[in-house]
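Visitor: sequence first, then the predicted structure:
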Amino acid sequence: IGAAGARALAALTGLTSLNLAGNAIGDEGARALAALTGLTSLNLAYNRIGDEGARALAALTGLTSLDLAGNAIGAAGARALAALTGLTHLNLGDNAIGDAGARALAALTGLTSLGLGDNRIGDAGARALAALTGLTSLNLKNTGVTDLSPLLHLDRLERLDCSGCHLTDALPELWMKPSLREVILHEATLPGVPVEVLSPNSYTSCLDTLRAHLRDLAAGEAEVADVKFMILGNGRVGKTQLCRRLRGEPYDEAVPSTHGIRIGSAPLARARGGAPLATLRIWDFGGQDIYHGTHALFLKSRAIFPVLWTPASEAQQFHDHAGFTFRNQPLGYWLAYVRAMGSPQSPVLVIQSQCDRPEDERVAPPMAADALEPFPFKKVLHHSARTGRGQAALVEALADAVAWLRERRGPDRIGKGRAVVKARLEAMQEEDAARPPAERRHRLLTQGDFQALCEEAGGVSSPEALLDYLHNVGTVFYRQGLFGDRIVLDQQWALDAVYAAFDRDKCYPNLQRSRGHFTRSDLGRWVWDAAGHGIEEQELFLSLMRQCGICFRLRGAGKGGNAEYIAPDLLPDGEDPRVAALLRKWEGRSAQEAALAYELLPPGLMRALIAEIGELAGVAADYWRDGFAFYDEETRAEVLVAQRWTSGWAGEIRIATRDGQADALLARVLRLVDRLSERFGARPTTRRVPDEGRPPEPGEMRQGADARPPFRPALPPAAGEEYCVSYAWGDDDSPEGRDREAHVDRLCAEAEARGFVIVRDKTAMRYGDSISEFARRIGRAKRVFIFLSNEYLRSAYCMGELHEVWRCCRQDGGEFIARTRVYVLPCARIKTPADRAVYAIHWRQRFEGLDAIVGQHGQFALADADNADYRRMVHWVTDTANILKLVQDTLRPRSFEEFLKWGFEDPPAR
């Protein structure tokens with residue numbers, strides 16, 4: 001609403017609470033609302049209110065809670081609000097109040113919660129806030145505060161957010177205050193404290209890890225000499241050869257191009273200015289385009305980023321290697337990639353590689369004149385790994401970068417006990433690296449072994465906090481619950497196995513053929529078995545892939561079967577006929593829309609969104625490489641989320657919702673996109689969002705990260721009261737076929753007499769129609785009449801229909817029985833376990849026959865449709881006996897007349 005709407009609301013004089021966040025009432029509307037003198041709580045965030053509006057609101061002396069975030073009241077408005085002495089909660093985030101405004105607010109001594117994020121109040125403002133001794137919550141993010149010592153006297157303070165503040169004193173006594181419960185320090189600087197100890201995002205408290213770090217320091221200190229070195233660029237530009245030079249190894253033409261990530265280390269001979277020696281922890285990222293989205297999982301880090309380029313890679317859109325074609329990206333893309341994915345305080349080295357002769361050097365890299373402006377430390381270099389030209393300049397630049405990092409933050413320090421444990425783990429890694437892969441002993445570390453290392457080292461107050469730190473700096477890989485709660489010490493082993501799924505020469509063609517669908521046994525047959533990985537290890541790799549969002553589980557494993565997974569990066573694109581048909585159904589039919597535009601659309605963002613929704617929705621959603629769509633039971637609305645590139649590497653994510661509570665579903669999906677965007681370090685440059693109020697508070701965001709999104713994906717209800725019949729009708733000339741046809745005819749006649757229309761494939765389908773699409777139609781019908789016969793249970797078409805109904809019922813027996821009416825014909829023998837096993841055995845034998853062909857000749861021996869049937873047969877084998885047992889155990893009518901009554905008079909499940 002605008003000012004006129006606010007004037008209308010001013011008549012509601014009995015109101016005590018009002019929330020109009022995200023409108024545009026302006027100063028005029030604020031003046032109108034000043035008449036509501038009974039208000040105790042008022043939220044006018046993001047309403048274009050200035051200092052005049054704030055002065056008008058100062059008349060509401062009964063207010064105890066006021067939110068004006070995202071307006072422009074300035075210092076004058078803050079001075080006016082200082083008259084509201086009854087306030088206990090005040091949020092003035094992003095209002096340009098400055099230090100003068102903060103000084104004025106010091107008069108509100110009754111405040112317990114104060115939000116001043118994104119106001120440049122500086123140290124003078126922070127000193128003024130020391131008068132607010134009743135504060136329990138204070139938000140100072142991005143306020144320019146460098147000195148928090150005035151807050152030492154706030155003895156009731158429980159929650160503090162100083163994200164984006166570059167503090168000049170670590171101030172241990174503040175973080176150890178007994179009253180504190182939560183501290184957010186995202187993209188903040190705390191002298192001597194490694195950034196990996198601080199908050200990884202804007203909603204995660206680092207208080208426990210920070211306190212553990214400080215306790216360990218008290219037992220003795222050690223300086224951290226490690227610096228991450230994350231090298232990027234197109235494939236075949238020489239990244240691996242440059243890393244070899246840094247490690248003192250010679251140029252080797254025979255070394256293959258990196259696929260995935262290679263991890264290593266190299267000593268930096270001397271850091272400039274007498275600083276201690278440093279160890280470069282090298283992450284060599286494969287440049288092939290299929291890896292970019294997965295690399296983003298590891299890039300959000302403070303590191304030195306060398307970006308390599310060659311004139312050839314800039315001039316050619318593609319490059320060929322090992323019989324495959326890969327896309328090249330321009331240098332500007334890689335710089336935008338670092339800007340989006342890396343830490344804002346990361347040094348960047350732009351290196352023209354393969355400069356074997358002086359005449360190979362280009363004076364200026366092919367990039368926009370201002371491309372390096374966002375990076376506080378940047379250098380442009382030339383280098384040849386083949387001849388060693390430029391090696392001295394590279395080492396000097398690295399020394400400068402290390403010195404610059406240390407000057408900006410001071411040398412990072414950790415407790416001596418932590419340093420001992422870290423060194424011991426690195427020694428184990430180095431010992432293993434010298435052994436052949438099959439003889440390595442330290443791939444995984446148990447929690448018990450890690451605890452023992454901590455106890456032996458001493459000075460480690462919290463092994464859990466140390467493990468979190470070691471994961472964040474890249475020494476180990478650990479996520480709670482993953483790998484049976486074991487710690488991955490040999491990260492190269494795990495990464496090689498994960499990236500092997502994208503190897504163009506091994507898995508990739510098979511995954512493309514299967515439209516991104518696979519099982520554990522598929523990956524085993526394609527790549528993992530040959531590498532010597534047993535089933536337990538393969539399950540571990542799958543859990544890692546799921547945790548990282550590389551794939552998601554579409555459906556669980558039946559008894560003795562394999563779960564089915566989807567790799568979003570290998571799904572069909574928008575040109576696929578099914579996807580194109582779905583998108584056409586949305587054209588001009590959305591009720592609510594939002595679009596988030598990114599300077600660089602993160603390559604892995606859509607994959608992460610699909611994976612998170614996929615884990616929740618399973619078969620109840622539609623997925624393609626650039627988006628997904630699903631129906632939400634809670635809001636009774638549908639949503640479509642899709643990405644598109646607008647120019648170069650810039651792009652947008654569009655969210656559309658319709659029906660039901662479309663606005664509520666849009667807001668929930670937006671929160672999900674925002675949370676995952678932050679994980680990738682990406683912030684939209686523009687947001688086109690209808691009536692968006694204030695962003696969620698950090699507490700709301702935190703809950704969203706720890707719990708599943710508030711969605712209940714389900715198959716959409718069928719349009720109208722559609723009834724379908726599923727039966728085998730291909731043998732109408734046999735006695736059994738004629739009998740079966742007669743039963744179906746009677747069913748349809750009864751339906752017509754009762755005013756229902758039953759859809760049957762024999763009459764509803766025309767030549768050229770898709771049988772699989774009809775099966776999906778049956779699966780989503782309100783009620784499905786199934787005539788089980790021996791012929792039915794041996795027909796691939798019929799089994800496709802039966803299992804589509806089972807899938808649409810979420811493999812839930814109760815829902816299946818409620819939605820279906822099953823008539824068992826005499827020829828279908830399902831009474832005993834032996835009877836039912838005959839059909840399961842039939843499909844196992846059919847599956848094993850095709851599996852032998854695929855195992856020997858690959859999936860390409862089968863037609864696309866046959867390959868799809870082959871993959872579905874896995875579930876027919878595992879689920880058929882369960883479905884038949886369920887049907888047999890269900891009390892059914894004895895006569896066909898009773899069956900008809902049961903089918904039409906008992907209402908279908910909704």
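Guide: In hand now; what should we look at? What you see is a predicted model; the values in this text were computed from it and never measured. Residues are numbered from 1 along each chain as shown.
Visitor: please, which helix or strand holds residue 283?
Guide: strand 278-285 (DSSP states H and E).
Visitor: and that strand, what does it pack onto?
Guide: Counting contacts by 3 or more Cβ pairs under 8 Å, 6 or more residues apart in numbering; DSSP states H and E, strand 278-285 packs against strand 226-231, helix 239-246, strand 261-268, helix 292-299. C-beta: built from backbone N, CA, C; applies to glycine.
Visitor: in stretch 1-11, what counts as buried?
Guide: 3, 6-7, 9-10 (16 or more other Cβ atoms under 10 Å).
Visitor: direction included, what does the strand holding residue 283 pair against?
Guide: Looking at strand 278-285 with DSSP bridges, its partner strands are strand 226-231 (parallel), strand 261-268 (antiparallel).
Visitor: could you give me the average pLDDT of that strand?
Guide: For strand 278-285, mean pLDDT rounds to 86.
Visitor: what is the distance between that strand and the centre of its chain?
Guide: Centre-to-centre, strand 278-285 and its host chain are 26 Å apart (Cα atoms, centre = their mean, to the nearest Å).
Visitor: before we move on, what about stretch 38-47?
Guide: Relative to its parent chain, stretch 38-47 has a centroid offset of 34 Å by Cα atoms, centre = their mean.
Visitor: what about it, average pLDDT?
Guide: Mean predicted lDDT for stretch 38-47 stands at 94.
Visitor: for it, buried residues please.
Guide: Those would be 39, 41-47, for stretch 38-47 by 16+ other Cβ under 10 Å.
Visitor: what about it, start to end distance?
Guide: Its first and final residues considered, stretch 38-47 spans 21 Å by Cα to Cα, to the nearest Å.
Visitor: give me the residues contacting it.
Guide: 13-26, 29-30, 33, 57, 60, 62-71, 91, 692-694 (Cβ atoms under 8 Å, 6 or more residues apart in numbering).
Visitor: quick check: phi and psi on the closest residue to residue 237 other than its chain neighbours?
Guide: Excluding the flanking residues, the one nearest residue 237 by Cβ to Cβ, 6 or more residues apart in numbering is residue 308, at 4.7 Å. When read as degrees, to the nearest 10, the backbone of residue 308 gives phi -100, psi 150.
Visitor: which residues pair with residue 308 across the strands?
Guide: Going by DSSP bridges, residue 308 forms beta bridges with residue 351.
Visitor: I'd guessed it sits against residue 353; true?
Guide: Yes. Counting by Cβ atoms under 8 Å, residue 308 does reach residue 353; the two are 4.6 Å apart.
Visitor: quick check: neighbours shared by these two?
Guide: 233, 237-239, 242.
Visitor: quick one: residue 375 is in a strand?
Guide: No. Assigned with DSSP: H, G, I helix; E, B strand; the rest coil, residue 375 falls outside any strand and is coil.
Visitor: correct me if wrong: it contacts residue 349.
Guide: No. Using Cβ under 8 Å, residue 375 is not in contact with residue 349; the gap is 9.9 Å.
Visitor: the more surrounded of the two?
Guide: For residue 375 and residue 349, the more surrounded residue by other Cβ atoms under 10 Å is residue 349, and the numbers stand at 23 against 20.
Visitor: who are the neighbours of the helix or strand that contains the more buried one, in terms of helices and strands?
Guide: Element membership for residue 349, per DSSP H and E: strand 348-352. Packing contacts for strand 348-352, counted by 3+ Cβ pairs under 8 Å, 6+ apart, involve strand 305-309, helix 331-341, strand 378-382, helix 391-409.
Visitor: and if we set it to 7 Å?
Guide: strand 305-309, strand 378-382 (3 or more Cβ pairs under 7 Å, 6 or more residues apart in numbering; DSSP states H and E).
Visitor: among the contacts of stretch 38-47, which lie within helices?
Guide: Mapping those onto helices (DSSP state H) picks out 26, 29-30, 33, 57.
Visitor: need the residues you listed in TSV (columns: neighbour count, pLDDT and distance to residue 449).
Guide: Putting the ones in helices among the contacts of stretch 38-47 into TSV (neighbours: other Cβ atoms under 10 Å; pLDDT from 0 to 100; distance: Cβ to Cβ, whole Å) gives the following:
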residue	neighbour count	pLDDT	distance to residue 449
26	18	94	64
29	27	94	64
30	27	95	63
33	25	95	63
57	26	96	61
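Visitor: for the residue nearest to residue 751 when sequence neighbours are not counted, give me its contacts.
Guide: Ranked by Cβ to Cβ, 6+ apart and with sequence neighbours excluded, the top spatial neighbour of residue 751 is residue 758, at 4.6 Å. Residues counted as contacts of residue 758 (Cβ atoms under 7 Å, 6 or more residues apart in numbering) are 723-725, 747-748, 751.
Visitor: thinking again about what came up before, buried deepest among the strands paired with strand 278-285, which one?
Guide: strand 226-231 (a mean of 23; mean count of other Cβ atoms under 10 Å).
Visitor: low-confidence bits of the stretch 351-500 of the chain, can you list those?
Guide: Low-confidence segments of the stretch 351-500 of the chain, defined by pLDDT under 70: none present.
Visitor: re the thing from before, just the closest of the contacts of residue 758 to residue 498, please.
Guide: Closest approach between those and residue 498, by Cβ to Cβ: residue 724, at 42.2 Å.
Visitor: would you double-check that residue 101 falls in a helix?
Guide: Yes. When three-state DSSP is applied, residue 101 is found to be in a helix.
Visitor: which of the helices and strands packed on strand 278-285 sits closest to residue 463?
Guide: Closest among the helices and strands packed on strand 278-285, using Cβ to Cβ: strand 226-231, at 20.1 Å.
Visitor: hey, C-alpha coordinates of that closest one in PDB?
Guide: The C-alpha trace of strand 226-231 is given here as PDB (Å, rounded to 0.1, in the frame of the first residue of the first chain):
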ATOM      1  CA  ASP A 226      50.000 -22.200   5.700                       C
ATOM      2  CA  VAL A 227      48.400 -20.200   2.800                       C
ATOM      3  CA  LYS A 228      45.800 -21.600   0.400                       C
ATOM      4  CA  PHE A 229      46.800 -21.400  -3.200                       C
ATOM      5  CA  MET A 230      43.700 -22.000  -5.500                       C
ATOM      6  CA  ILE A 231      44.700 -22.000  -9.200                       C
END
